[in-house]
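>>> The following comprises the amino acid sequence and a computationally predicted model.
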2 protein chains.
Amino acid sequence: MSRKEVFAVAQMGPVHLNDTKAQVVARLIEMLREAHGRGARWVTFPELALTTFFPRYIYDTPAEYDVFFEEGLPSPAMAPLFEAAKDLGVGFYLGYAEKIEMGGTMRRFNTSVLVGPDGSVLGKYRKIHLPGTKDPIGDREFEHLEKRYFEVGDLGFPTFETPSGRFGMCICNDRRWPETFRVMALKGAEVFMLGYNTPTRNIHHPEPAHLREFHHRLSIESAAYQNAAWVMAAAKCGPEDGFAMIGGSAIVAPTGEVAVRAVSEEDEVITHNCDLELGAYIRCSVFDFARHRRIEHYGPITAQTGIEVAS
Amino acid sequence: MSRKEVFAVAQMGPVHLNDTKAQVVARLIEMLREAHGRGARWVTFPELALTTFFPRYIYDTPAEYDVFFEEGLPSPAMAPLFEAAKDLGVGFYLGYAEKIEMGGTMRRFNTSVLVGPDGSVLGKYRKIHLPGTKDPIGDREFEHLEKRYFEVGDLGFPTFETPSGRFGMCICNDRRWPETFRVMALKGAEVFMLGYNTPTRNIHHPEPAHLREFHHRLSIESAAYQNAAWVMAAAKCGPEDGFAMIGGSAIVAPTGEVAVRAVSEEDEVITHNCDLELGAYIRCSVFDFARHRRIEHYGPITAQTGIEVAS
């Protein structure tokens, strides 16, 4: 028995500071149309897809950085994408910088939204594992200031029932933490959607360059295998105003195998006819959680944040 | 700054039903001597190293299967290995079937012991993630009856301070569960020692043969990377009385990269001069647990065993 559905991942090449959101959304719509023409019912777009990866720059006031944020769903900039997707009957994941008034306070998150093929908003996810720093490190080619511009997500790792099964969402650095995927899997997710912007250089410590792509791939392969789920991983990549980011967008099968991957650092649509039942035999054998997990021995994972060595 | 120490992994070729424990221990001692001659201070031997992988066979009474078990530490069969290691000043991990009287009851575990270079027993680990079944599936080329012969381990995932840093131990199927390594890392382990016996065929479901080795490698690479720790992975492999098992013994660096791997399915010693500080830069940047983990969002990992879909 199989349950097949074509999924697309829409990798994006660079978005420069001077590119307008209208230009970017036109690129997204072009890829949406290509994905639809290739039979896809779902498209995963990258993290912070509408602008350059602005956390590399230092801004001090909302007046300087609010230009990168969206208000409302769809925001005015996103509206043409929402319309085009609804017209085509294609659902999608889109990462964006979210600005929202909550209880009289203006709050900002690194967010993704899941929209169904019928145009309905199925839900949001707000990035939990924010990397980088709040204050500039200085003395670096660029910064990584996500903790400056965003709050830690407050929605946990929700999962969403769709016409094609249950999906979960995460964003960029979340993929390096096995807890991310395990929580979504325990909540029934069969598909993990992931957008990312990953610089080719580790500014925190010198490191061989090849490790950046290897760690990305290792993270998504192990996430898929250990949870018997499909992973849809979409990069924004290439040099944005000279600051290079890795590509490596991929669709990973529940076996942990990369089924298809992007081979450019430009706008590129990849698709795969994913059998959502492929994970089923794994979930009822080696990874039958109910039969094999031993939560009585996992205590430290939720009881302590950092390393604690018994004295 | 580096902190280097030579570690060895001693892969074993097959042990047949008719091989004696004395023959097996002689092979272990020969590999111990080779490892010592190549500068190693620590050797990792496989799971259930002293006998064939007997859980593939159906036995009904202790009288039939107790021949595979060890009593006492060292047991009489192990004693020559313990003596040789102490003479050479080499510490080791050894997997064995443990039979022990506790509170008037005879209990049996799939166990590993960690012995220091000075011959002292640093501690034991008892396998938690037992795969397979208690009752024979029947209609298969072989069985996988670990749940028949062993109880689930009762020691959690302890870690042990050694002259070379803090080590943790796990066994075979434990490596497929990211919880295993995360718990050990949260308890300060910098080195994970792992023995395994992994059949080349999945008897539970048909599966492409290459996945068995791929899943092994993916598990140990991601364990190393996600916890910035060294992994010492030792197989017993090759055909035991015709029942084939995978090799792929390896030493994996905290970057997730395989530093050295066995290329045979026979007795084979691999060594690497491991910089135990290599993981340090990772532990204080991308995987600085204290700064980045968000345990308030990990609840389901310890609160529920199986999948629970919100209604």
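It's in. Fair warning: this is a prediction, and the values are worked out from it, not measured in the lab.

>>> So, low pLDDT: which residues of the stretch 151-300 of chain A?
Scanning the stretch 151-300 of chain A for pLDDT under 70 picks out no residues.

>>> got a list of what the residue nearest to A:M245 when sequence neighbours are not counted touches?
Leaving aside its chain neighbours, A:M245 sits nearest to A:C237 (4.7 Å; criterion: CB to CB, 6 or more residues apart in numbering or on different chains). Quick note: C-beta positions are derived from backbone N, CA and C, even for glycine. Neighbouring residues of A:C237 by CB atoms under 8 Å, 6 or more residues apart in numbering or on different chains: A:11-14, A:197-198, A:245-249, A:265.

>>> ditto for A:I251
A:I251 makes contact with A:7, A:9, A:230-233, A:258-261, A:270-272, A:274, according to CB under 8 Å, 6+ apart.

>>> Now do stretch A:28-37: everything it contacts.
Here stretch A:28-37 makes contact (CB under 8 Å, 6+ apart) with A:8, A:10, A:12, A:43, A:45, A:49, A:80-81, A:84-85, A:88-90, A:92, A:94, A:267, A:269, A:271.

>>> Adding distance to chain B, secondary structure and neighbour count, write the contacts of A:I251 out as a markdown table.
Below are the contacts of A:I251 laid out as a markdown table (distance: CB to the nearest CB, whole Å; DSSP: H, G, I helix; E, B strand; the rest coil; neighbours: other CB atoms under 10 Å in any protein chain shown):
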| residue | distance to chain B | secondary structure | neighbour count |
| --- | --- | --- | --- |
| A:F7 | 21 | strand | 26 |
| A:V9 | 21 | strand | 32 |
| A:W230 | 16 | strand | 26 |
| A:V231 | 13 | strand | 29 |
| A:M232 | 19 | strand | 28 |
| A:A233 | 15 | strand | 31 |
| A:V258 | 11 | strand | 18 |
| A:A259 | 13 | strand | 19 |
| A:V260 | 17 | strand | 18 |
| A:R261 | 16 | strand | 17 |
| A:I270 | 21 | strand | 24 |
| A:T271 | 22 | strand | 21 |
| A:H272 | 17 | strand | 21 |
| A:C274 | 17 | strand | 26 |
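
>>> Going by distance to A:A310, which of the residues you listed wins?
Proximity of the contacts of A:I251 to A:A310 (CB to CB) peaks at A:V231, which lies at 36.0 Å.

>>> My understanding was that the closest one contacts A:G195; is that so?
No. With contacts defined as CB atoms under 8 Å, A:V231 does not count as touching A:G195, sitting 11.8 Å away.

>>> Heading C-terminal from the helix or strand containing A:R291, find the next helix or strand.
Assigned by DSSP states H and E, A:R291 belongs to helix A:289-292. Sequence order places helix A:300-303 as the next helix or strand after helix A:289-292, per DSSP H and E.

>>> what's the offset of that next one from the middle of its chain?
25 Å (CA atoms, centre = their mean, to the nearest Å).

>>> Which other helices and strands does that helix contact?
Judged by 3 or more CB pairs under 8 Å, 6 or more residues apart in numbering or on different chains; DSSP states H and E, helix A:300-303 is in contact with helix B:178-186, helix B:300-303.

>>> Run through who's touching the first one.
Looking back up the chat, that one is helix B:178-186. A:178-179, A:182, A:222, A:226, A:293, A:297-301, A:304, A:306-308, B:128-129, B:156-157, B:159, B:168, B:170, B:174-175, B:192, B:222-223, B:226-229, B:289, B:301.

>>> same question, stretch A:217-225
For stretch A:217-225, the external contacting residues (CB under 8 Å, 6+ apart) are A:175-176, A:178, A:180-181, A:192, A:194, A:229-231, A:233, A:248, A:250, A:252-258, B:178, B:215, B:218-219, B:221-222, B:225-226, B:256.

>>> Same question for stretch A:299-310.
A:179, B:159, B:166, B:179, B:182-183, B:185-188, B:283, B:288-291, B:293, B:295, B:298-299, B:301-303.

>>> Return the set of buried residues in that stretch.
The neighbour-count check on stretch A:299-310 (16 or more other CB atoms under 10 Å in any protein chain shown) flags A:300-302, A:305, A:307 as buried.

>>> Stretch A:155-172 too?
Buried, per 16+ other CB under 10 Å, within stretch A:155-172: A:156-160, A:162, A:164-172.

>>> Stretch A:3-14 now?
Result for stretch A:3-14 [16+ other CB under 10 Å]: buried residues A:5-14.

>>> Now, those that are in strands?
If you go by DSSP state E, the buried residues of stretch A:3-14 have A:5-11 in strands.

>>> Pretty sure A:V152 sits against B:R293.
No. Using CB under 8 Å, A:V152 is not in contact with B:R293, being 11.4 Å away.

>>> More neighbours: those two, which one.
A side-by-side neighbour count of A:V152 and B:R293, using other CB atoms under 10 Å in any protein chain shown, places B:R293 first with 22 against 16.

>>> how far away is that one from chain A?
5 Å (CB to the nearest CB, to the nearest Å).

>>> B:A185 versus that residue, what's the distance?
Applying CB to CB, to the nearest Å, the value for B:R293 to B:A185 is 11 Å.

>>> what's the answer for A:E30, then?
Per CB to CB, A:E30 is found 44 Å from B:A185.

>>> and stretch A:90-110, does that touch chain B?
No. Against chain B, stretch A:90-110 shows no contacts by CB under 8 Å from any CB of the partner chain, the least distance being 13.7 Å.

>>> Using CSV, write out the CA atom coordinates for that stretch.
What follows is stretch A:90-110 as a C-alpha-only set of coordinates in CSV (Å, rounded to 0.1, in the frame of the first residue of the first chain):
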residue,chain,number,x,y,z
VAL,A,90,-1.2,24.4,-3.8
GLY,A,91,-0.4,24.5,-0.1
PHE,A,92,2.9,25.9,1.2
TYR,A,93,5.3,26.7,4.1
LEU,A,94,6.7,30.2,4.1
GLY,A,95,9.2,31.7,6.5
TYR,A,96,9.0,35.4,7.4
ALA,A,97,9.8,37.9,10.0
GLU,A,98,6.6,38.3,12.1
LYS,A,99,5.6,41.5,13.8
ILE,A,100,2.5,41.3,15.9
GLU,A,101,0.8,43.2,18.7
MET,A,102,0.0,41.0,21.6
GLY,A,103,-1.5,42.4,24.8
GLY,A,104,-0.5,45.9,23.9
THR,A,105,3.1,45.0,23.2
MET,A,106,4.8,44.8,19.8
ARG,A,107,6.5,41.5,19.5
ARG,A,108,8.8,40.0,16.8
PHE,A,109,9.4,36.3,15.9
ASN,A,110,11.2,34.3,13.2
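
>>> buried stuff in that stretch?
Neighbour-count burial for stretch A:90-110 [16+ other CB under 10 Å]: A:90-100, A:108-110.

>>> now swap in stretch A:126-140 and tell me
For stretch A:126-140, by 16+ other CB under 10 Å, it's A:126-133.

>>> Within reach of chain B, which of those residues are there?
A:128-129, A:131.

>>> Looking at these, spot the one nearest chain B.
A:I128 (5.1 Å; CB to the nearest CB).

>>> Please name the nearest non-neighbouring residue to the closest one.
A:I128's closest residue in space is A:G153 (CB to CB, 6+ apart), at 4.4 Å.

>>> With A:G132 instead?
A:H144 (3.3 Å).

>>> list the contacts for that neighbour?
Per CB under 8 Å, 6+ apart, neighbours of A:H144: A:55-56, A:131-133, A:199, A:203.

>>> Next, give me the two most distant ones among these.
For the contacts of A:H144, the maximum inter-member distance is 13.8 Å, found between A:T133 and A:P199 (CB to CB).

>>> Export the contacts of A:I251 as TSV, with columns for distance to B:F68.
TSV is the format used below for the contacts of A:I251 (distance: CB to CB, whole Å):
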residue	distance to B:F68
A:F7	48
A:V9	49
A:W230	41
A:V231	41
A:M232	46
A:A233	45
A:V258	40
A:A259	42
A:V260	46
A:R261	46
A:I270	50
A:T271	51
A:H272	46
A:C274	44
